[in-house]
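Peer 1: predicted model and sequence below, questions to follow.
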Amino acid sequence: MSPGGIWVISGSKWLAHCVCWADMKQAYISLQFFKRILLINDILGFIGIFCLVYWLRIGEWPDATDPFFLYLSVMTFLIVGMFYLYGAYQIQTRDFGYKIIVRTFAAVLTFLLFITVVIFISRTNITGQFGRGVLLGSLAAYFLYAAIIRLSLLRFLLKRSLGQKWLVLMSTEYIADFMEDVLENHNGERYDFLSPSTHFTVKESDHFKHIGGFDRLNEVVDRNWFGVIVALSQEDLSVYSSALMQLRFNGMRPMNLTDYYELKWQKVPVYFLQKSWFVFSEGFQLFQNPMGLRFKRVSDFLSGCLLMVMASPFMLLTFILVKLDSPGPAIYKQVRTGENNRAFTIYKFRSMRVDAEKGGAQWASKNDDRVTRVGKFIRKTRLDELPQIWNVIKGDMSFVGPRPERPEFNKELEKEIPHYQLRHLLKPGVSGWAQVMYPYGASKKDATEKLKYELFYIKNYSILLDIVIIFKTIRVMLGGKGR
């Protein structure tokens, strides 16, 4: 479960699936819920611990007009940002406790170093209010608090996921794709399948098994399932609609497969989508809000101009390194497909040899021998993407959106991947939900997987989601986790 999902799901949808704590065995409560709780705990805990240590150290509470509270508000925002950048909201059942402690400690230590530098440079009266005693004492206590909360949450999730079983009512044609996603994204859940065909068998494993046809539904409905996932074709749905109604009336809470994907994995199952989903599904608010699109464009332009100035020293240094490393131009130009299938020229720092495509357009591969020495570094840190700021200023791209692909590949992918053309409804982005949620890949399979995330972004677009993606992109750059 990615950390960025904590703000993604709208309030109404969240309430619909998280009816109340007491009803959690019937309603699906996703990790989003726990991340919200974790975020609230971080904010309240940070403020409470700082105020308590201040009182113990100074001997009195600060006055309501004291700038202490203004400084504390800014510091609270910063510590939450540090936690996010270091992945301290990535609480998954496959995590080890030491990983959580290391992430938390790294975030608190970075925050301490940053605040120390700010205090030293500013030389304001903040030093008196957040002196060594208050600052070090508060952060030491807060580190223990945050680590204990996270370890406790991990323990709870492990108990909750251990042996958690879902009943899956699924048409035969969807099972193979679903099984593949389960193996890639599972968190310890188990899935028991009922399919229309009693002769269809699923190769049993620790995660899923086939328990029969839909004719057995009445036999198994009384078992203690955590929830029911429904993924039926139109033909199967018309045949078994009465059985599904009875399932609901018996107290079970069927969940549509697309809702399960969105809440659990922050993507949508491309293989299952039908045209009616695009017509009746909630979301896609961006296309109903012209002001939102204009705001996004103005924000991109102003941010692009500011970032161009701030990034110019790094761009100059990268330009020089690329020129020194291998012969050829430092700036690489390539035609990509943009909004409404309009072609445009994208700019990047060259990371491959000049003759990299002498045999024609081809996908990049892992450990590609065409990548230069400097190219490997600028790809990992995504410095090769910096010239795209100019594409953003021009209006060809946005800072956040689907990744622009080459026309040669688009024609091929549109024929083979359902709904692939929908990714061209928005301006392509320098970064995007697919780029930060899925490792770099260059194949038809990877393109299909990324489309699942891109359609999720298009459906659930919000300013907060864009902010989440930007923070995740910064974390990728700082951690050198690019492709």
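Peer 2: Here it is on my side, so go on.

Peer 1: which parts of the stretch 351-483 of the chain are helices?
Peer 2: 373-380, 388-394, 407-416, 433-437, 444-460, 463-479 (DSSP state H, counting those that start in this stretch).

Peer 1: actually, the stretch 101-250 of the chain.
Peer 2: Counting by DSSP H, counting those that start in this stretch, one finds helices in the stretch 101-250 of the chain at the ranges 126-129, 132-161, 172-185, 217-220, 234-249.

Peer 1: any idea which of these gets closest to Phe114?
Peer 2: helix 132-161 (11.7 Å; CB to CB). Glycine gets a C-beta too; all of them are placed from N, C-alpha and C.

Peer 1: hey, least reliable of the helices of the stretch 101-250 of the chain by pLDDT?
Peer 2: Across the helices of the stretch 101-250 of the chain, helix 126-129 has the smallest mean pLDDT, namely a mean of 52.

Peer 1: and the residue located most distally from the centre of the chain, how far from Asp206?
Peer 2: Ranked by distance from the centre of the chain (CA atoms, centre = their mean), the top residue is Gly59, with 44.1 Å. Distance of Gly59 to Asp206, given as CB to CB, to the nearest Å: 58 Å.

Peer 1: same check on Arg150?
Peer 2: 26 Å.

Peer 1: out of these two, which sits in the more crowded spot?
Peer 2: Arg150 (25 against 8; other CB atoms under 10 Å).

Peer 1: the nearest residue to that one once chain neighbours are set aside: neighbour count?
Peer 2: Excluding its sequence neighbours, the residue lying closest to Arg150 (CB to CB, 6 or more residues apart in numbering) is Ile100, at 4.8 Å. Around Ile100 there are 22 other residues, counting by other CB under 10 Å.

Peer 1: so for the helix or strand hosting Ile100, what gets flagged as buried?
Peer 2: Following DSSP states H and E, the helix or strand that holds Ile100 is helix 97-122. Buried residues in helix 97-122, counted by 16 or more other CB atoms under 10 Å: 100-101, 103-104, 106-108, 110-112, 115, 119.

Peer 1: ok, those vs Leu386, which is closest?
Peer 2: Among the buried residues of helix 97-122, Thr110 lies closest to Leu386 (CB to CB), at 23.6 Å.

Peer 1: quick check: longest helix of this structure.
Peer 2: Secondary structure of the chain per DSSP state H: the longest helix is helix 290-325.

Peer 1: any idea how far that helix is from the chain center?
Peer 2: Here helix 290-325 is found 23 Å from its chain centre; the criterion is CA atoms, centre = their mean, to the nearest Å.

Peer 1: what is the mean pLDDT for it?
Peer 2: On average, the pLDDT along helix 290-325 is 90.

Peer 1: who does it touch, helix- and strand-wise?
Peer 2: strand 343-349, helix 373-380, helix 388-394, strand 398-400 (3 or more CB pairs under 8 Å, 6 or more residues apart in numbering; DSSP states H and E).

Peer 1: at 10 Å what do you get?
Peer 2: Identification of packing neighbours for helix 290-325 by 3 or more CB pairs under 10 Å, 6 or more residues apart in numbering; DSSP states H and E yields strand 331-337, strand 343-349, helix 373-380, helix 388-394, strand 398-400, strand 429-431, helix 463-479.

Peer 1: and the angle for it with strand 343-349?
Peer 2: Here helix 290-325 points in a direction 50 degrees away from that of strand 343-349 (axes from the mean of the first three to the mean of the last three CA atoms, to 10 degrees).

Peer 1: quick revisit: format the buried residues of helix 97-122 as JSON lines; extra columns: pLDDT.
Peer 2: As requested, these are arranged in JSON lines below (pLDDT from 0 to 100):
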{"residue": "Ile100", "pLDDT": "80"}
{"residue": "Ile101", "pLDDT": "83"}
{"residue": "Arg103", "pLDDT": "83"}
{"residue": "Thr104", "pLDDT": "88"}
{"residue": "Ala106", "pLDDT": "87"}
{"residue": "Ala107", "pLDDT": "89"}
{"residue": "Val108", "pLDDT": "91"}
{"residue": "Thr110", "pLDDT": "89"}
{"residue": "Phe111", "pLDDT": "89"}
{"residue": "Leu112", "pLDDT": "89"}
{"residue": "Ile115", "pLDDT": "83"}
{"residue": "Ile119", "pLDDT": "72"}
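
Peer 1: what's the closest of these to Pro402?
Peer 2: Among these, Arg103 lies closest to Pro402 (CB to CB), at 29.4 Å.

Peer 1: thought the closest one was touching Phe143?
Peer 2: No. Using CB atoms under 10 Å as the test, Arg103 is too far from Phe143 to be in contact (11.2 Å).

Peer 1: which stretches of the stretch 301-450 of the chain have low pLDDT?
Peer 2: Along the stretch 301-450 of the chain, segments meeting pLDDT under 70 span 356-367, 440-442.

Peer 1: can I get the buried residues of helix 97-122 in CSV with distance to Ser431?
Peer 2: Below are those laid out as CSV (distance: CB to CB, whole Å):
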residue, distance to Ser431
Ile100, 26
Ile101, 29
Arg103, 22
Thr104, 26
Ala106, 23
Ala107, 22
Val108, 27
Thr110, 22
Phe111, 24
Leu112, 29
Ile115, 28
Ile119, 32
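
Peer 1: just flag the most distant two among these.
Peer 2: Among these, the pair separated by the greatest distance (CB to CB) is Ile100 and Ile119, at 28.7 Å.

Peer 1: domain parsing for the chain?
Peer 2: Taking automatic domain parsing as the reference, the chain has its domains at 3-161, 165-271, 286-479.

Peer 1: could those go into a markdown table alongside distance to Phe280?
Peer 2: Shown next, in a markdown table, are those (distance: least, CB to CB, whole Å):
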| stretch | distance to Phe280 |
| --- | --- |
| domain 3-161 | 14 |
| domain 165-271 | 11 |
| domain 286-479 | 12 |
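
Peer 1: who wins for proximity to Phe278 among those domains?
Peer 2: Of the domains of the chain, nearest to Phe278 by CB to CB is domain 286-479, at 8.0 Å.

Peer 1: distance from that closest one to the middle of the chain?
Peer 2: The answer for domain 286-479 is 17 Å, by CA atoms, centre = their mean.

Peer 1: check stretch 250-259 too.
Peer 2: Centre-to-centre, stretch 250-259 and its host chain are 24 Å apart (CA atoms, centre = their mean).

Peer 1: with stretch 139-153 instead?
Peer 2: With CA atoms, centre = their mean, you get 24 Å for stretch 139-153.

Peer 1: give me the contact list for it.
Peer 2: 31, 34-35, 37-38, 41-42, 45-46, 48-50, 52-53, 75, 79, 83, 88-91, 95, 97-105, 107-109, 111-112, 115 (CB atoms under 10 Å, 6 or more residues apart in numbering).

Peer 1: who's the closest spatial neighbour of Val80, skipping the chain neighbours?
Peer 2: Spatial nearest neighbour of Val80, excluding adjacent residues (CB to CB, 6+ apart): Asp42 at 5.9 Å.

Peer 1: would you confirm that that neighbour contacts Leu78?
Peer 2: No. In this structure Asp42 lies outside contact range of Leu78 using CB under 10 Å: 11.7 Å.

Peer 1: which one's more surrounded, those two?
Peer 2: Between Asp42 and Leu78, Asp42 has the larger neighbour count (other CB under 10 Å), namely 22 against 16.

Peer 1: using CSV, write down the CA coordinates of stretch 294-311.
Peer 2: This file holds the C-alpha atoms of stretch 294-311, laid out as CSV (Å, rounded to 0.1, in the frame of the first residue of the first chain):
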residue,chain,number,x,y,z
ARG,A,294,-7.4,26.5,-15.8
PHE,A,295,-6.1,26.5,-12.2
LYS,A,296,-3.9,23.5,-12.9
ARG,A,297,-2.5,25.2,-16.0
VAL,A,298,-1.8,28.5,-14.2
SER,A,299,-0.2,26.6,-11.4
ASP,A,300,2.0,24.7,-13.8
PHE,A,301,3.1,27.9,-15.6
LEU,A,302,4.0,29.8,-12.4
SER,A,303,5.7,26.8,-10.8
GLY,A,304,7.5,26.1,-14.0
CYS,A,305,9.0,29.6,-14.2
LEU,A,306,10.0,29.5,-10.6
LEU,A,307,11.5,26.0,-10.8
MET,A,308,13.4,26.9,-14.0
VAL,A,309,15.3,29.6,-12.1
MET,A,310,15.9,27.4,-9.1
ALA,A,311,17.0,24.4,-11.1
